[in-house]
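**Q** generate coordinates for the sequence data below:
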Amino acid sequence: MLMIIINIITIMFIHLYMIINPVWQTYHNLPTPHSSQPSIPSSSYIINQTNTLQEQIILEEDEHEFEEEEELGAMKEMMYRIAVMQPVDIDPAAIRKPKRRNVRISNDPQSVAARHRRERISEKIRILQRLVPGGVKMDTASMLDEAIRYVKFLKRQI
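**A** Numbering: from 1, shown residues only. Alright, predicted model coming up:
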């Protein structure tokens with residue numbers, strides 16, 4: 001992500017440099033042997049050059065990200081293989097529920113149903129956190145992403 005931001009800033013800097021720098025402007029306004037009129041680079045030329053530069057940067061980023069993903073993939077696969085060998089206790093009774101603060105609980109049927117629904121979801125997430133390697137140390141969204149990767153890994157093993 002940081003590389004993308006750096007590349008975008010670099011591209012913006014190049015654009016500004018090309019527009020502001022008088023040397024660049026005079027270089028392109030010099031007469032050519034074919035015409036006596038000064039040529040001004042068209043905006044389509046600048047856009048095409050910029051698009052080519054952006055495509056090059058994107059390709060380099062993709063290659064770099066692919067290499068990083070391969071390294072991370074190998075590390076994660078090793079972590080998953082270790083996790084498969086570990087025993088997991090997923091008994092819902094063994095999982096401690098977080099203590100509720102002393103807050104007045106509504107008796108409204110809709111609120112009660114919503115609270116029960118949230119409690120069931122929280123219980124399932126706590127169970128899933130224990131199943132996913134390193135899930136206890138992650139926030140919920142990251143843990144769910146990791147759970148998807150772990151399930152895909154387990155499917156490949158079958």
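
**Q** where in the chain is pLDDT low?
**A** Scanning the chain with the threshold set as pLDDT under 70 gives 1-54, 62-72, 84-104.

**Q** give me the domain ranges for it.
**A** 1-29+41-86, 111-158 (automatic domain parsing).

**Q** start to end distance for the last one?
**A** Meaning domain 111-158. 43 Å (Cα to Cα, to the nearest Å).

**Q** export the helix or strand encompassing residue 156 to PDB, keeping only CA atoms.
**A** For residue 156, the host element (DSSP states H and E) is helix 140-157. In PDB, the C-alpha atoms belonging to helix 140-157 read as follows (Å, rounded to 0.1, in the frame of the first residue of the first chain):
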ATOM      1  CA  THR A 140     -12.600 -10.000  13.600                       C
ATOM      2  CA  ALA A 141     -12.300  -8.900   9.900                       C
ATOM      3  CA  SER A 142      -8.700 -10.200   9.600                       C
ATOM      4  CA  MET A 143      -9.600 -13.400  11.400                       C
ATOM      5  CA  LEU A 144     -12.500 -14.000   9.000                       C
ATOM      6  CA  ASP A 145     -10.100 -13.400   6.000                       C
ATOM      7  CA  GLU A 146      -7.600 -15.800   7.600                       C
ATOM      8  CA  ALA A 147     -10.400 -18.300   8.200                       C
ATOM      9  CA  ILE A 148     -11.200 -18.300   4.500                       C
ATOM     10  CA  ARG A 149      -7.500 -18.900   3.600                       C
ATOM     11  CA  TYR A 150      -7.300 -21.700   6.200                       C
ATOM     12  CA  VAL A 151     -10.400 -23.400   4.800                       C
ATOM     13  CA  LYS A 152      -9.000 -23.200   1.300                       C
ATOM     14  CA  PHE A 153      -5.800 -24.800   2.600                       C
ATOM     15  CA  LEU A 154      -7.700 -27.600   4.300                       C
ATOM     16  CA  LYS A 155      -9.700 -28.300   1.100                       C
ATOM     17  CA  ARG A 156      -6.400 -28.600  -0.800                       C
ATOM     18  CA  GLN A 157      -5.200 -31.100   1.700                       C
END
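
**Q** which strands or helices does that helix pack on?
**A** Judged by 3 or more Cβ pairs under 8 Å, 6 or more residues apart in numbering; DSSP states H and E, the packing partners of helix 140-157 are helix 43-85, helix 109-131. The C-beta positions use only the backbone N, C-alpha and C, and glycine is treated the same way.

**Q** fine, thanks again, bye for now.
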